[in-house]
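> only geometry, no sequence info:
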């Protein structure tokens, strides 16, 4: 029978793949919109020990249906100091088990029932009146599209068996020997790294296997490679984060690499065990006169679940060893520098009296201000300054969010007007200091690697000195108040502007750009200092009794 490549292969295969991946996206988005914030807070609260972390990682990933999202979430929690490295490793192990629920679900041969369920879900989503109902319908729509897309893709791939050119290429993907097995694993890892979804890769493999294009043992090998490729996303997510966050990503990679290395020589035995459990996946079933292989998706789902459970059981006793080894990776002076992403004076177990809470927020804002000032040290090239401006920026941003969230939680019903003004002022001050940190980060970023002439260095030093003088007025006990220093600095800045403009024609393009950008940063820094000082004077501390009750602090704000 003549095969129309466009109508019989390209349209259903590409369309089915797109619908399948859209279903995964819809399902993940719907579930995360419904519950991800609560789940993130629950994870930060529950996963305090390896056992609890393993259970939390399994359950939460089973709910949100994305080990990638879960691992990225864990990396962010570790970076924020909310989750320790040891429980984070166990959470990642649990995430690998939880995500196999998707692999089991998509193996179900629901086909056209998926299209019917998708239509009903779409109608519910269109006519829903609340966001919660819409998100629930979106989740069900995604869940349904997964099955219909997989069925459509399988039908589109089936005619490829009648094409000798295609089968000649596919026949090279065999697991008859260990070299072929390695090639299949690497190929699947590469595909997964590109599309950032092990579930999508396994869905494609199930479609190829069910249509008979891919040998069932090769399909099992591809599912093994998908577990390796999914580690790339967490590694990318950790690149600009703290060393501990990088270590959590390394744990994810190490966990999967070790598991695959152990399973590699055992693959033939594991394949025979799967065949004994589900039946012969290579046995065809005739549907509408064409051979199909419905047991291949089941075998892939069972193998994926068994591998991840086996891998976790094998490596979970060595969580402590993982932590000790990973703690040595990247160890250096930066590990002993203060972690500005983690609050020191506030948090879920912070002070309960309003006066104490206000004092704690003041101390944390002082830390935030000092941390922001370190960007100026980076721009000047001072020894001991943080190495990575982007990493320090992330830490400062996390701390600023923590302070604003904690301070906003100090509002209460029937609060005294002076106290309310003070709390509002604290929130505004923390926000302004965060803006100050962003301005100084831009300063450090723009000055990185810029070569200045001697005259340019003098002008830059003059601007650095003006910014440092402004920042000193924000100290808890400044030598001179901002009301005196800032106006004088703004006058000096006007003179510095003329000096920079006079120097600009003789400077190189890069030096001219850097000095003008630095001039703008200095102006913004000084004016932000002026606004911060005005905010402080707007609501000075009232006489708050030390025992005055404060509401419990809110949950930590997670980046």
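Received, thanks. None of these values were measured; they are calculated from a predicted model.
> Can you give the contact residues for the helix or strand containing residue 491?
Under the criterion DSSP states H and E, the helix or strand holding residue 491 is helix 482-503. With CB atoms under 8 Å, 6 or more residues apart in numbering as the test, helix 482-503 has contacts from 455-456, 459, 462-463, 466, 469-470, 472-474, 515-516, 519, 522-523, 526-527, 529-530, 532-533. All C-beta spots, glycine's among them, are computed from the backbone N, C-alpha and C.
> Then stretch 179-189?
173-175, 201, 205, 218, 221-226, 228-229, 260, 264, 267.
> okay, residue 337: pLDDT?
Per-residue confidence at residue 337 stands at 53 (pLDDT).
> what packs against the strand or helix carrying residue 217?
Secondary structure from DSSP H and E places residue 217 in helix 216-229. The criterion is 3 or more CB pairs under 8 Å, 6 or more residues apart in numbering; DSSP states H and E, and the helices and strands that helix 216-229 contacts are helix 178-195, helix 198-210, helix 243-278, helix 295-315.
> hang on, the earlier thing: now, which of the contacts of helix 482-503 lie within helices?
For the contacts of helix 482-503, membership in helices holds for 455-456, 459, 462-463, 466, 469-470, 472, 515-516, 519, 522-523, 526-527, 529-530, 532-533, with DSSP state H as the criterion.
> Just the buried ones from these?
The neighbour-count test (16 or more other CB atoms under 10 Å) marks 456, 459, 462-463, 466, 469-470, 515-516, 519, 522-523, 526-527, 529-530, 532-533 as buried among those.
> buried stuff in stretch 474-482?
When burial is assessed from 16+ other CB under 10 Å, stretch 474-482 yields the following buried residues: 474, 482.
> and what of stretch 405-415?
Buried residues in stretch 405-415, counting neighbours by 16+ other CB under 10 Å, are found at 405, 406, 407, 409, 410.
> Same question for stretch 418-425.
By neighbour count on 16+ other CB under 10 Å, the buried set for stretch 418-425 is 419, 420, 422, 423, 424, 425.
> now the fourth one, what's its secondary structure?
Applying DSSP: H, G, I helix; E, B strand; the rest coil to residue 423 yields a three-state assignment of helix.
> show me the contacts for it.
358, 407, 408, 410, 411, 415.
> Swap in 6 Å and give it another go.
Shown in contact with residue 423 (CB atoms under 6 Å, 6 or more residues apart in numbering): 410, 411.
> Report the separation between it and residue 429.
Distance, residue 423 to residue 429, by CB to CB, to the nearest Å: 11 Å.
> quick one on the thing from earlier: pull out the buried residues from the contacts of stretch 179-189.
173-175, 201, 205, 218, 221-226, 228-229, 260, 267.
> Just the terminal-to-terminal distance for stretch 376-392.
12 Å (CA to CA, to the nearest Å).
> Please apply the same query to stretch 379-387.
Chord length of stretch 379-387, first to last residue, is 11 Å (CA to CA).
> Show me how far that stretch is from its chain's centre.
Per CA atoms, centre = their mean, to the nearest Å, the displacement of stretch 379-387 from the mean C-alpha position of its chain is 28 Å.
> Which residues in it does the neighbour count mark as buried?
Of the residues in stretch 379-387, those scored as buried under the neighbour-count criterion (16+ other CB under 10 Å) are 379, 380, 385, 386.
> from memory residue 364 sits against residue 345, does it?
Yes. Applying CB atoms under 6 Å, one finds residue 364 in contact with residue 345, separated by 5.0 Å.
> Between those two, which is the more surrounded one?
When neighbours are counted by other CB atoms under 10 Å, residue 364 and residue 345 differ, and residue 364 comes out ahead with 24 against 19.
> okay, the angle between the host helix or strand of the more buried one and helix 454-472?
Following DSSP H and E, one finds residue 364 within helix 354-380. Here helix 354-380 runs at an angle of 180 degrees relative to helix 454-472 (axes from the mean of the first three to the mean of the last three CA atoms, to 10 degrees).
> what stretches of the stretch 351-500 of the chain score poorly on pLDDT?
Counting by pLDDT under 70, the ranges of the stretch 351-500 of the chain that qualify are 351-352.
> Now the helix or strand that residue 390 is a member of: buried residues?
Residue 390 is part of helix 389-408 when elements are defined by DSSP H and E. Buried residues in helix 389-408, counting neighbours by 16+ other CB under 10 Å, are found at 389, 391-407.
> Now do residue 285: how many residues are near it, please.
Residues within reach of residue 285, counting by other CB under 10 Å, total 11.
> Quick one: residues contacting residue 308.
Contact analysis of residue 308 by CB under 6 Å, 6+ apart lists 96, 97, 100.
> tell me how far stretch 528-537 is from the chain's mean position?
Relative to where its chain is centred, stretch 528-537 has its mean C-alpha point 34 Å off (CA atoms, centre = their mean).
> repeat for stretch 201-218
Relative to the chain's own centre, stretch 201-218 is displaced by 30 Å; criterion: CA atoms, centre = their mean.
> what's the average pLDDT for it?
For stretch 201-218, the per-residue pLDDT averages 81.
> Repeat that for stretch 114-128.
Per-residue pLDDT values across stretch 114-128 average out to 88.
> Need the contact partners of that stretch.
Applying CB under 6 Å, 6+ apart, the contact partners of stretch 114-128 are 134, 137, 138, 140, 141, 144, 145, 147, 148.
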